[in-house]
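> 3D model of this:
(one chain, ligands or ions: 2)
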Amino acid sequence: MPGLPVINPALALTDTALLSEQALLQEVWLTPKPGLVDASNSGAHRDMDLPLFLASIAAIAPWFAQFVTAGQQAAELPAMQALAQVRPVGIACEQAMFSATAGVNSHKGGIFSLGLLCFAAGRLTQRALPLSQASLCAEVAALCRGLVMRELQQSGRQATVGERLYQRYGLSGARGEAQSGFATVRRYVLPYWYQEQDASRRLLAALLRLMAVNADTNLVSRGGLAGLRYVQQSARQLLNSDWQIADLQAMDQQLTLRNLSPGGSADLLAVSMVLAAFPA
Ligand SMILES: CC(C)(COP(=O)(O)OP(=O)(O)OC[C@H]1O[C@@H](n2cnc3c(N)ncnc32)[C@H](O[C@H]2O[C@H](COP(=O)(O)OP(=O)(O)OP(=O)(O)O)[C@@H](O)[C@H]2O)[C@@H]1O)[C@@H](O)C(=O)NCCC(=O)NCCS
Ligand SMILES: Nc1ncnc2[nH]cnc12
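Ligands and ions are numbered 1, 2, ... in the order given. Purely as a prediction, here's the structure:
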């Protein structure tokens, strides 16, 4: 496996777009990831593999700079009006992804979460405000204020997986996480980021922490609430042990057998990598 691209902290304060691309690359190359596409297998996915993910990332990457620019251009707008400015960029980026993957949804959630982070970075830098984990997450939360109420609770729409799962289980998915200012990442991942010295083990531990608590709608859409609970309990058990790579490989086999893929947690791992490059 080629060397993982290392996120250069010196870039942190200047280029959120490049950090986002590097985070998606580091995420997909990280191995072994239970149920997910990585360098050893495709996990619970029959329609996706590593080459498809790399093609998807190549198609998405140029759009991260567009998200930052859109944020700079919308810097003076009230947050809620600004969100309306970024949606078309997000949808265009999704279309670029679908063109590169022949219609397979590889990074829809990742585009939403990282796109919002890049847009927020553009708004903050345009207003000469410092970029930090706190300022970026607060800006994303401000942009997404009321999003769950508007788009899930009041709309009653059931056009997407997330919208159907909200109506059925009250799960707010990617929207709820963004509206909270990535609270799951800030509470359960970033405080422990440097506990592991090895870079790969650090990312694997972060993924386990996310899988242990994240209400991942991918898991629910594939395995119901029982599937979500199974993954959360399994991740929690590993975290409470001196887990080794072989344990993750065994978990990967179990999730694949059960058709369970924590794609939402994989996205939040990329969000964690971007945020970890900034001061708290
Ligand atoms: C705002 C949207 C992105 C919301 O989409 P949706 O209504 O579908 O809502 P969610 O269920 O929330 O899912 C969206 C994707 O977000 C990821 N996700 C899930 N749970 C969470 C969570 N708790 N926190 C954060 N992120 C979460 C997940 O994405 C990843 O998994 C997908 C790949 O897995 P797979 O199982 O293969 O998915 P499918 O192909 O759907 O299943 P199969 O057919 O294979 O069985 C992949 O997307 C990963 O990224 C969720 O899938 C959207 O509606 C929207 O508005 N988009 C427009 C763009 C936009 O608004 N941008 C704004 C600023 S950029
Ligand atoms: N590595 C991965 N495998 C499957 N779904 C994902 N969503 C984001 N990253 C993923």
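> CA only for contacts and neighbour counts going forward, please
OK.
> element containing the residue nearest the centre of the chain, please.
Taking Cα atoms, centre = their mean, the centroid of the chain lies closest to residue 267, which sits 2.1 Å from it. Assigned by DSSP states H and E, residue 267 belongs to helix 263-276.
> Any buried residues in the host helix or strand of residue 81, and which?
Residue 81 belongs to helix 79-101 when elements are defined using DSSP H and E. Buried residues in helix 79-101, defined by neighbour count with 16 or more other Cα atoms under 10 Å: 79, 82-83, 85-86, 89-90, 93-98, 100-101.
> cool, and stretch 250-262?
Those would be 251, 252, 253, 254, 255, 256, 259, 260, 261, 262, for stretch 250-262 by 16+ other Cα under 10 Å.
> Where does the prediction get shaky in the chain?
1-14 (pLDDT under 70).
> What residues does it have near ligand 1?
Selection of the chain residues close to ligand 1 by Cα under 6 Å from any ligand atom yields 86-87, 90-91, 105-112, 115-116, 160-163, 173-175, 177, 214-218, 261, 263-264, 267-268.
> Out of these, which end up buried?
Buried among those by 16+ other Cα under 10 Å: 86, 90, 106-112, 115-116, 162-163, 173-175, 177, 214-218, 261, 263-264, 267-268.
> Of all the residues in whichever strand or helix holds residue 224, which ones are buried?
If you go by DSSP H and E, residue 224 is part of helix 217-239. When neighbours are counted by 16+ other Cα under 10 Å, the buried residues of helix 217-239 are found to be 217-223, 225, 227-232, 234-236, 238.
> So which residues on the stretch 51-200 of the chain come close to ligand 2?
106, 107.
> ok, which stretches of the stretch 51-200 of the chain are helices?
79-101, 108-126, 133-143, 147-148, 161-169, 173-179, 183-188, 199-213 (DSSP state H, counting those that start in this stretch).
> out of those helices, nearest to residue 279?
Nearest of those to residue 279, taken as Cα to Cα: helix 133-143 at 6.2 Å.
> Which residues does the closest one contact?
79-80, 82-83, 116-117, 120-121, 124, 178-182, 275-276, 278-280 (Cα atoms under 8 Å, 6 or more residues apart in numbering).
> Which among the residues you listed count as buried?
79, 82-83, 116-117, 120-121, 124, 178-182, 275-276, 278.
> closest to ligand 1 among the residues you listed?
For the buried ones among the contacts of helix 133-143, the residue nearest ligand 1 by Cα to the nearest ligand atom is residue 116; the value is 4.9 Å.
> nearest spatial neighbour of that closest one, skipping sequence neighbours?
Using Cα to Cα, 6 or more residues apart in numbering and skipping residues adjacent in sequence, the residue nearest residue 116 is residue 140, 6.3 Å away.
> just how off-centre is stretch 212-226 within its chain?
When C-alpha coordinates are averaged (Cα atoms, centre = their mean, to the nearest Å), stretch 212-226 and its chain have centres 15 Å apart.
> Let's see it as PDB, backbone CA atoms only.
Extracted C-alpha coordinates of stretch 212-226, given in PDB (Å, rounded to 0.1, in the frame of the first residue of the first chain):
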ATOM      1  CA  ALA A 212     -19.300   3.200  19.100                       C
ATOM      2  CA  VAL A 213     -21.500   6.300  19.300                       C
ATOM      3  CA  ASN A 214     -22.500   7.600  15.900                       C
ATOM      4  CA  ALA A 215     -26.200   7.200  14.900                       C
ATOM      5  CA  ASP A 216     -25.100   6.200  11.400                       C
ATOM      6  CA  THR A 217     -28.100   6.100   9.000                       C
ATOM      7  CA  ASN A 218     -26.200   3.800   6.700                       C
ATOM      8  CA  LEU A 219     -26.100   1.100   9.300                       C
ATOM      9  CA  VAL A 220     -29.800   1.600  10.100                       C
ATOM     10  CA  SER A 221     -30.800   1.500   6.400                       C
ATOM     11  CA  ARG A 222     -28.800  -1.700   6.000                       C
ATOM     12  CA  GLY A 223     -29.500  -3.500   9.300                       C
ATOM     13  CA  GLY A 224     -32.200  -1.600  11.100                       C
ATOM     14  CA  LEU A 225     -31.700  -0.400  14.700                       C
ATOM     15  CA  ALA A 226     -30.400  -3.900  15.600                       C
END
